[in-house]
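Trainee: Show me the folded form of this:
(2 chains)
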Protein chains: 2
Amino acid sequence: MSKHLSKNTNSTSKVPVSTNDQVIKKFKKLQQKQISVEMLFDNIISCDTVALSKGITLIESTQKTHATKAQQLIEKCLPFANNSIRIGITGVPGVGKSTFIEALGTILIQQGKKIAVLAVDPSSTVSHGSILGDKTRMESLVRSNKAYIRPSPSGNSLGGVAQKTRESIVLCEAAGYDVIIIETVGVGQSETAVHSMVDFFLLLKLAGAGDELQGIKRGIIEMADAIIINKADGDNVKRAREAKNQFKKALHLYPIAESSWQPEVLSCSAIENTGITEIWELVEKYITLTVENGFFYQNRKQQNKFWLLQTIEEQLKSSFYTHPRIKKALQAKIEAVQQHEVTPFAAARLLFDLFKE
Amino acid sequence: MSKHLSKNTNSTSKVPVSTNDQVIKKFKKLQQKQISVEMLFDNIISCDTVALSKGITLIESTQKTHATKAQQLIEKCLPFANNSIRIGITGVPGVGKSTFIEALGTILIQQGKKIAVLAVDPSSTVSHGSILGDKTRMESLVRSNKAYIRPSPSGNSLGGVAQKTRESIVLCEAAGYDVIIIETVGVGQSETAVHSMVDFFLLLKLAGAGDELQGIKRGIIEMADAIIINKADGDNVKRAREAKNQFKKALHLYPIAESSWQPEVLSCSAIENTGITEIWELVEKYITLTVENGFFYQNRKQQNKFWLLQTIEEQLKSSFYTHPRIKKALQAKIEAVQQHEVTPFAAARLLFDLFKE
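Mentor: Below you'll find the predicted structure:
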C-alpha cells in the first residue's frame, strides 16, 4: 500500500517524501518479501496453504538463491513427509480427468481426508497447463479448505518438470495432505515419470469411443494398477461394460506385477458420481495388500533410488550433449551411422574421445 | 619371427635346432597366425565360413589390437551389409526356440536362402550359451552349408554382448546370408537389445501351459510383431487355439505400431513341422508392407541412431559409476535417499559435483 502510495508520490516528484513512518513501513514490507525458510516451514506444517504455495513457488523458481532456499525448506520438511497415499492419474484429453478428480476428491473430503492435486505436464508452458483450466472445473474442490490444487510447473524438459512436482509432494505431505493426486495428460514420457513417484497408478479410459485404442501409448497399460472406464452413463453403459470385459481379459495376459497386485478394471461416471466409491475402495485394497507384503515401502525406496540415478544420468547426458565440441560433431555422426558409413559403436567411440579430450 | 625362434632355442638350450626347413615351416605357421584384415575380408565376401568365424572371433576378442582390426574389418564389410532380413526370436527356456529355428531355417534353405543364427544372451558365460547346446539339436542346420550358427558371445554386460552380436550381423550380411536370426532367452533387458537390431520381432509362446502368463516379462508383448504359439500338436491343439484367440483379442487393445503393422498371432508345431510356412509368409507380408511404406529403412536408420546414443550413454554411465570417488560415496547416498534423509535430487547434485571436482 505505502509502496504503491510512495511510488505514486514519487511519480508526481514535487511533493516532499519519506516521513519516518514511511521508512519504517517500507522496511517492514521488504522484510516480509524476504522469504524466510524457517517461517515458511513453520507455516507449512501448520497447513497454511499460502505458505505452501510460496514454498512450491520457491521450488519452481529458476533463481539460484531460491534453489538453495528451496533445498533447505525441503530438507526441513522431509521428516514430516512420506505419509500420504500418492495416486497417479493419466488419460488422454477429453477422458474427463478433472471431473473424475473432482468426484474422487469430494468423496475423500467427506471421509475427512485432505487432498492435494499436482500435475506433471511438460507442455504446460504452451497450453498454459491443463490443470489451470481445470481449476474452474474443479469447483467444489477449489472452494474446499481441505483441497489444494496446483497447476503443472512450467518447463520444457520433462526431467525438470517432474523433479519440481516430486519435490512439491514433500511439501504437501509436510502440510498434512493425506492423499496426493498427480495428474498427467501423458506428453512424452510423463506417465513413466508419474508412475515413478506414486503408489497407485490409474489409467482413465473412455467408454464407447468405438475404437478401444484411443491413441494410448504403448507400455501404459502395463503400468496401470487399475483401468477405469469413465463416462459409463446414458447410452454408454453397455459399451462401457464391453470395454471393461475386454480390458479384464487383456490384463490377465500380463505377468503378475512385483507388488503381487492383479490390476483391476472398473467403470464409473464421474459426472453422475457413480462408481467412484468403489474406485477408492480398490485403492485401499491395494494399499492394504502392499503394506502387508512390504511392497509399499520397498517401492518408495526403489523410487527414490530411481530418481537419484535418473537425475545423475540426465545430468551426465546434458553435460555431454551440450558440450560445444559434441554439439558440432554429433549431427554428422548420426547421419554417417544412418547412411551405414560407420557402425554406431565406432562413431560412439570417436564422439566419446572427443568429449574426454 | 627370429625372436620366436631364438626364444625356443633358448628354452630348450642344450639341443641344437633349426634346420632351414624347420625355420620355413615355423615362419609359415606364424604368418598364418597373423590375421590379415584384407584376407579375412576377401574370404568373408566369398562366403568362407572359416573366415567369417575368425572375423567374429576378432570382434569378440577383448585384446586391443584385435579390436582395431575388428573395426577395420567391419568398416570394409559395411558397404556389403544391410541387405538381409533380420529376425529376432524370444521365448522362455523350453518353449522350443531351437526346434523352431531348425524348422524355419530348413524351409528357408529349401527356398534357396542362406541363413545365419546368432544369439544375445548375457548369461551365456555361466550357462555356456543356450545356443551351444542347441547346435547339437539344430542337426540339419548344422549339416547344411547354407546355414551358419554362432553361439552368444561371452560377456557379463548386456551392452557388450549386444554390441558384439550387432557387429557380427554386418559380417554375416557381407558374407551373403539372406536371413539373420537373432535368438535370445530374454535375460535382463536382452529382448529390448534384440528388438533394436532386427526388422521383425517374434515372441514364441507355449500352448496349453495352463497359465498363459508363463513368466513373460512386461513390455515384451508390445514389442512383438508376431506371437507364435508353439507346440500346437497332439493334446495341445485345442488349448493352442484358445491361447491364440486370447492373444488376438489382447493385441487388438494396443495402439497401431509406427510400422502400421497389426501384430498377428499364429500357431505352429515346430516338431511336427506344421504352420512354419505360414509364419514365413507373415514375415514376408510384413517386409512388403514396411518396405512399401518406408518404415523398413527408416527403422534401420533409427536403430543405428539408437545404438549410437545408447553406446554413448553407457560409456558416460560407466565413467561415472566406476569413478573411485563415486564408488566410495554412492552407496551411502542411495541409503540416505531410501531413508528419506535427503531428496534424490539433492543427493544427485552432490554426487555430480563430486564427479566433476
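
Trainee: Please count neighbours and contacts with C-alpha atoms only from this point.
Mentor: Will do.

Trainee: I figured A:Ala119 hits A:Ile149, correct?
Mentor: No. If you go by CA atoms under 8 Å, A:Ala119 and A:Ile149 don't touch, sitting 9.1 Å apart.

Trainee: give me every residue that touches A:Asp178.
Mentor: With contacts defined as CA atoms under 8 Å, 6 or more residues apart in numbering or on different chains, A:Asp178 is in contact with A:Asn83, A:Ser84, A:Ile85, A:Lys113, A:Lys114, A:Ile115, A:Ala116.

Trainee: ok, of the residues you listed, which one's closest to B:Ala51?
Mentor: Using CA to CA, A:Ile85 comes nearest to B:Ala51 of the contacts of A:Asp178, at 61.8 Å.

Trainee: hang on, isn't the closest one packed against A:Tyr177?
Mentor: No. Contact criterion CA under 8 Å: A:Ile85 and A:Tyr177 do not qualify, at 9.0 Å.

Trainee: Looking at these two, which one has more neighbours?
Mentor: Set side by side, A:Ile85 and A:Tyr177 show more neighbours around A:Tyr177, with 23 against 18, by other CA atoms under 10 Å in any protein chain shown.

Trainee: Check what pLDDT that one gets.
Mentor: Note for A:Tyr177: predicted pLDDT of 98.

Trainee: In contact with it, which residues?
Mentor: By CA under 8 Å, 6+ apart, the residues touching A:Tyr177 are A:Ser84, A:Lys113, A:Lys114, A:Ile115, A:Ala116.

Trainee: Just among those, which is most surrounded?
Mentor: Highest count within these by other CA under 10 Å belongs to A:Ile115, 29 neighbours.

Trainee: where along chain A do the strands fall?
Mentor: Secondary structure of chain A, counting by DSSP state E: strands at A:85-90, A:115-119, A:147-149, A:179-184, A:200-206, A:226-230, A:264-267.

Trainee: could the ones you listed be laid out in a markdown table, adding distance to B:Thr277?
Mentor: Below are the strands of chain A laid out as a markdown table (distance: least, CA to CA, whole Å):
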| stretch | distance to B:Thr277 |
| --- | --- |
| strand A:85-90 | 43 |
| strand A:115-119 | 51 |
| strand A:147-149 | 59 |
| strand A:179-184 | 46 |
| strand A:200-206 | 39 |
| strand A:226-230 | 39 |
| strand A:264-267 | 39 |
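
Trainee: Columns distance to chain B on top of the contacts of A:Tyr177, output as CSV?
Mentor: Output for those, formatted as CSV (distance: CA to the nearest CA, whole Å):
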residue, distance to chain B
A:Ser84, 14
A:Lys113, 24
A:Lys114, 22
A:Ile115, 22
A:Ala116, 20
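
Trainee: pLDDT below threshold where in the stretch 1-150 of chain A?
Mentor: Along the stretch 1-150 of chain A, the model assigns pLDDT under 70 to residues A:1-19, A:27-35, A:123-137.

Trainee: Kindly report the residues of it close to chain B.
Mentor: With CA under 8 Å from any CA of the partner chain as the criterion, the stretch 1-150 of chain A meets chain B at residues A:Gln71, A:Ile74, A:Glu75, A:Leu78, A:Pro79, A:Asn82.

Trainee: could you list every residue that touches the fourth one?
Mentor: So the one you mean is A:Leu78. Here A:Leu78 is in contact with A:Val170, A:Leu171, A:Ala174, B:His340, B:Glu341, B:Val342, B:Thr343 (CA under 8 Å, 6+ apart).

Trainee: what about 10 Å?
Mentor: Contact analysis of A:Leu78 by CA atoms under 10 Å, 6 or more residues apart in numbering or on different chains lists A:Glu167, A:Val170, A:Leu171, A:Glu173, A:Ala174, B:His340, B:Glu341, B:Val342, B:Thr343.

Trainee: ok, back up a step: more neighbours: A:Ala119 and A:Ile149, which one.
Mentor: A:Ala119 (28 against 20).

Trainee: how much space between the more buried one and A:Val283?
Mentor: Separation of A:Ala119 from A:Val283 (CA to CA, to the nearest Å): 20 Å.

Trainee: Also A:Leu289?
Mentor: Distance, A:Leu289 to A:Val283, using CA to CA: 10 Å.

Trainee: Report the set of residues contacting both of those two.
Mentor: The contact lists of A:Leu289 and A:Val283 share no entry, where a contact means CA under 10 Å, 6+ apart.

Trainee: re the thing from before, who wins for proximity to B:Val187 among the strands of chain A?
Mentor: Going by CA to CA, the one of those nearest B:Val187 is strand A:200-206, 26.8 Å.

Trainee: quick one: pLDDT of the one residue in the stretch 151-300 of chain A that gets nearest to chain B?
Mentor: Residue nearest to chain B within the stretch 151-300 of chain A (CA to the nearest CA): A:Ala250, separated by 4.8 Å. pLDDT recorded at A:Ala250 is 76.

Trainee: who wins for most neighbours among the residues of the stretch 1-150 of chain A next to chain B?
Mentor: A:Ile74 (27 neighbours).

Trainee: and stretch A:284-297, what's its mean pLDDT?
Mentor: Here the average pLDDT along stretch A:284-297 is 97.

Trainee: Now do the buried residues in it.
Mentor: Neighbour counts over stretch A:284-297 (16 or more other CA atoms under 10 Å in any protein chain shown) mark A:Tyr286, A:Ile287, A:Leu289, A:Thr290, A:Phe295, A:Phe296, A:Tyr297 as buried.

Trainee: Dump those residues into CSV; add distance to B:Ile45 as well.
Mentor: Shown next, in CSV, are those (distance: CA to CA, whole Å):
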residue, distance to B:Ile45
A:Tyr286, 60
A:Ile287, 61
A:Leu289, 61
A:Thr290, 58
A:Phe295, 55
A:Phe296, 57
A:Tyr297, 58
